[in-house]
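# Predicted structure and sequence below. I'll ask about it afterward.
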Amino acid sequence: MKIIKIILAGPRGRMGREAVELIQREEHFELVACLDRVNEGKRLSDLDGFPQIDAPIYKDPVKCFQEIEADVLIDLTTPEIGKIHTKLAVEHGIRPVVGTTGFNEEELQELTELADAKKTGVIIAPNFAVGAILMMKFAQMAAKHFQDVEIIELHHDRKLDAPSGTGIKTAEMISKTRTPKQQGHPNEEETIQGARGAETKDGIRIHSVRLPGLVAHQEVIFGGEGQSLTIRHDSYNRASFMSGVKLAVETIMTLDVLVYGLENIIE
Ligand SMILES: NC(=O)C1=CN([C@@H]2O[C@H](COP(=O)(O)OP(=O)(O)OC[C@H]3O[C@@H](n4cnc5c(N)ncnc54)[C@H](O)[C@@H]3O)[C@@H](O)[C@H]2O)C=CC1
Ligand SMILES: O=C(O)C1=N[C@H](C(=O)O)C[C@H](O)C1
């Protein structure tokens, strides 16, 4: 099997550390460099708690992408930095697998056009966990039968973006099958701002909970006459995301367009 050469952005983060282990575990993956906001000029093996992988660490993505021959960038950084890395990677012909969340519609559109122009695969995956993908698909199915729905996403309190990428993606998928409806009482008023959560352009409410002890969880609650349906997914650790990262890295080698969401590549 062809070796896939990978640059990893954010190796010291919660997801990055899991990704280092994944790359080390898979015989056909090779970690050829890392992007970090510190440790420029060191090797990954110089850092405490990391395996003996002789990958150079760069701070400057342009320098890294110019000097290192790589097939794929895995980005697990921050919303602000992930967008910069993704665009630069495509411009340098390196295929980005992006777990970093926080991309808006305009940014996705711009990247779609860039991927088309450069004929370079891009995968933007708001959630890599197979259970989360199924939760979103089931919610999309249920929305054919229930117009009334609210999303509650629950995460650890170190998360920067709200609502979560998964919450936004779920609302988008539901909107494809749900007949639009103005939910709640027409005269309802928030006596404390934000009480009814964030409202997407399709009128779906997303409520974001942030608490220590949580990892990544979501409930999609549908309501109908005399009944409700709750679809829930829980990630209890970050290893839950790694089979999706592996699949995305393997699949991106065959793509020349942008794919937004793993539901498009998981049967
Ligand atoms: N798609 C998915 O399934 C999942 C996505 N995520 C997303 O992945 C991202 C990372 O999540 P965590 O690992 O929990 O965050 P984290 O805060 O633990 O890690 C982020 C890492 O990015 C690094 N970083 C910041 N600026 C940088 C720069 N200029 N260059 C290189 N590295 C830089 C930080 O030093 C840190 O090590 C978030 O956007 C999160 O929402 C998280 C879990 C699952
Ligand atoms: O920040 C996280 O932790 C997660 N982020 C992603 C999101 O915003 O949906 C995926 C998962 O929920 C974990």
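Received it, and whenever you're ready, just let me know what you need. Ligands and ions are numbered 1, 2, ... in the order given.
# A139 and I231 touch, don't they?
Yes - here A139 reaches I231: they are 5.3 Å apart, a contact under CB atoms under 8 Å. In this view, the C-beta of every residue, glycine as well, is placed from N, C-alpha and C.
# Those two: which has the busier surroundings?
A139 (26 against 20; other CB atoms under 10 Å).
# What does the pLDDT read for the residue nearest to M1 when sequence neighbours are not counted?
Leaving aside its sequence neighbours, M1 sits nearest to H28 (CB to CB, 6 or more residues apart in numbering; 4.4 Å). Note for H28: predicted pLDDT of 98.
# Quick one: neighbours of H28, just the number.
11.
# and if you look at M242?
20.
# quick thing: my sequence starts at 28, can you match it?
Noted, 28 is the first residue going forward, which turns the last one into M269.
# confidence score at the closest residue to it other than its chain neighbours?
Closest residue to M269 in three dimensions, ignoring its sequence neighbours and counting by CB to CB, 6+ apart: L49, at 4.7 Å. On pLDDT, L49 comes in at 98.
# need the next SSE after the helix or strand containing L49, C-terminal direction.
Element membership for L49 (DSSP states H and E) is helix 41-52. Once helix 41-52 ends, the next helix or strand along the chain (criterion: DSSP H and E) is strand 56-62.
# and the following helix or strand past that next one, how far from the chain's centre?
Counting by DSSP H and E, the next helix or strand C-terminal to strand 56-62 is strand 84-85. With CA atoms, centre = their mean, to the nearest Å as the basis, strand 84-85 stands 23 Å off its chain's centre.
# thinking again about what came up before, what's the overlap in contacts for A166 and I258?
247, 249 (CB atoms under 8 Å, 6 or more residues apart in numbering).
# F56 is in contact with the residue nearest to M269, correct?
Yes - the criterion here is CB under 8 Å, and L49 meets it with F56 at 7.3 Å.
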